[in-house]
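# please find the sequence and the predicted model below.
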Amino acid sequence: MVPAGQRLRQLAAAAVDAVSPDQLVRRALQRHDDQLTVDGRSYTLSRNVYLVGAGKAVLGMAAAVEQLLHPHLVRGLLSVPVGARPAHLLPGIEVCEGAADNQPDAAAARTAGRIAELAAELSAGDLLLVLLSGGGSALLPAPRPPLTLPLKACLSRQLAERGASIQELNAARRGLSRLKGGGLARLARPARTLALILSDVVGDPLDLIASGPTCLLLGGETTVIVRGAGRGGRNQQLALAFALELERLVRERRLPPTARAALLCFGTDGRDGPTDAAGAVVDQAVAADARAAGLRPEQYLADNDSYAFFARFRSGAHHILVGQTGTNVMDVMALVVEQPPPRDRAAG
């Protein structure tokens, strides 16, 4: 039988492949000659399409758009994370990197300003196609004057450290931004605006995006209240907390000694917090084995230092390291609990 941990890693790869952004875009857009149809609405194509985008998945989205709408695509400008995988795009589509460690920075702000300028130059008859995915908030920072980018980033960081949900964070970001909350569409008037949004928020609220064995599969994003000074992300934090909980269940004999349990927690974008890991996979032996190796998992958890724990434990064997995936549709958590079948007894 394939070990539960290995099966969970295979599940992670399959989950990322299933939400490939180019496939999702191709299902959303239909073109017939010079007519583009999206969700029952038609748009006339006449070398009048301008493309902008921000987020961790927009490279794959833009590649599909470019193939579908060529030669009607006039110009494009994308804001993507530092180190994003390159995609073959038309020369007219410029790709700019920014938001190192998932934080808005000067590079992302410059790109956001150029996106605003592009939108403001459009006229009636033009179509602005906006691509958005998770990570777009950090990649499209445009503070309302006199607010500065460092101050806005400080406010967002303080909210996150105090346990604000993604809904609360994006609501605050909308109120502080020139482009979020419909600002980009207002700049583009009288041109028509069409947005393609790859959701990473539970329930798909469009105003919040970018701003044998028993297997339980969940999607969403947990919230971590930061009290320590360590380094990690919500998926690694959850995996470490679950490893300690499994240890308790084994100690209290609430988990049968022959049972095998494993949990996978990972971010579909390949980045969990300001780390190079997507998440981690744990089983009921992790906490006890870590103690035997001289590590104190509860101390790492209390210090929000889950990345260091998994990097040091078994030389990082439990980390999920996949690099930037080019997509972003929330986090995935998968739990496998299996009870080996009883052995046949020899006849007496």
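Sure thing, it's come through. Numbers count the residues shown, from 1 in each chain.
# distance between the ends of stretch 129-148?
28 Å (CA to CA, to the nearest Å).
# gap between it and the chain center?
Relative to its chain's centre, stretch 129-148 lies at 16 Å (CA atoms, centre = their mean, to the nearest Å).
# buried sites along that stretch?
129-143 (16 or more other CB atoms under 10 Å). C-beta: built from backbone N, CA, C; applies to glycine.
# stretch 304-315 now?
304-311, 313.
# do stretch 23-32 as well
So for stretch 23-32, counting by 16+ other CB under 10 Å, buried means 24-25, 28-29.
# stretch 313-322 too?
Buried residues in stretch 313-322 (16+ other CB under 10 Å): 313, 318-320, 322.
# same thing with stretch 221-233?
Those would be 221, 224, 226, 230-233, for stretch 221-233 by 16+ other CB under 10 Å.
# let's verify Leu169: helix, strand, or coil?
Secondary structure assignment for Leu169 (DSSP: H, G, I helix; E, B strand; the rest coil): helix.
# so which strand or helix has the residue lying closest to it once chain neighbours are set aside?
Setting aside the residues directly before and after it, Leu169 is nearest to Leu159 in space (CB to CB, 6 or more residues apart in numbering), at 5.7 Å. Counting by DSSP states H and E, the element that carries Leu159 is helix 149-161.
# tell me how far that helix lies from the chain's centre.
Centroid separation for helix 149-161 versus its chain: 19 Å, with CA atoms, centre = their mean.
# that helix - what's its average pLDDT?
Mean pLDDT, helix 149-161: 84.
# just checking, what packs against it?
Helices and strands touching helix 149-161, by 3 or more CB pairs under 8 Å, 6 or more residues apart in numbering; DSSP states H and E, are helix 166-176.
# residue contacts, the residue nearest to Ala172 when sequence neighbours are not counted?
Nearest non-adjacent residue to Ala172, counting by CB to CB, 6+ apart: Leu159, 6.1 Å away. Each residue near Leu159 by CB atoms under 8 Å, 6 or more residues apart in numbering is listed here: 168-169, 172.
# for these, which one is nearest Val95?
Val95 lies nearest to Leu169 out of those, by CB to CB, at 25.9 Å.
# what residues are up against the closest one?
For Leu169, the contact set (CB under 8 Å, 6+ apart) comprises 137, 156, 159-160, 211.
# as TSV, the residues you listed with distance to Ala14 would be great.
Shown next, in TSV, are the contacts of Leu169 (distance: CB to CB, whole Å):
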residue	distance to Ala14
Ser137	28
Ser156	33
Leu159	34
Ala160	30
Ser211	29
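# just checking, next helix/strand downstream of the helix or strand of the chain with the lowest mean pLDDT?
Of all helical and strand segments in the chain, the minimum by mean pLDDT, DSSP states H and E falls on strand 214-220, at a mean of 67. Toward the C-terminal end, the helix or strand that comes next after strand 214-220 (DSSP H and E) is helix 234-251.
# what comes up buried for that following helix?
Buried-residue list, helix 234-251, by 16+ other CB under 10 Å: 234-247, 250.
# convert it to PDB, retaining C-alpha atoms only.
Output in PDB follows, covering the C-alpha atoms of helix 234-251 (Å, rounded to 0.1, in the frame of the first residue of the first chain):
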ATOM      1  CA  ARG A 234      -0.700  29.400   8.100                       C
ATOM      2  CA  ASN A 235      -0.400  26.000   6.500                       C
ATOM      3  CA  GLN A 236       2.800  25.000   8.300                       C
ATOM      4  CA  GLN A 237       1.400  26.400  11.500                       C
ATOM      5  CA  LEU A 238      -1.700  24.200  11.100                       C
ATOM      6  CA  ALA A 239       0.300  21.100  10.200                       C
ATOM      7  CA  LEU A 240       2.500  21.500  13.300                       C
ATOM      8  CA  ALA A 241      -0.500  22.100  15.600                       C
ATOM      9  CA  PHE A 242      -2.200  19.000  14.200                       C
ATOM     10  CA  ALA A 243       1.000  17.000  14.700                       C
ATOM     11  CA  LEU A 244       0.800  17.900  18.400                       C
ATOM     12  CA  GLU A 245      -2.900  17.000  18.500                       C
ATOM     13  CA  LEU A 246      -2.200  13.600  17.000                       C
ATOM     14  CA  GLU A 247       0.500  13.000  19.600                       C
ATOM     15  CA  ARG A 248      -2.100  13.800  22.300                       C
ATOM     16  CA  LEU A 249      -4.700  11.400  20.800                       C
ATOM     17  CA  VAL A 250      -2.100   8.600  20.700                       C
ATOM     18  CA  ARG A 251      -1.000   9.300  24.300                       C
END
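# so for it, what's the average pLDDT?
Per-region confidence: helix 234-251 scores 94 on mean pLDDT.
# that one packs against which elements?
Short answer (3+ CB pairs under 8 Å, 6+ apart): helix 234-251 packs on strand 260-267, strand 279-283, helix 286-292, helix 297-302, helix 306-312, strand 331-338.
# strands along the stretch 51-200 of the chain, start to end?
When assigned using DSSP state E, counting those that start in this stretch, the strands of the stretch 51-200 of the chain occupy the ranges 73-81, 93-98, 127-133, 192-198.
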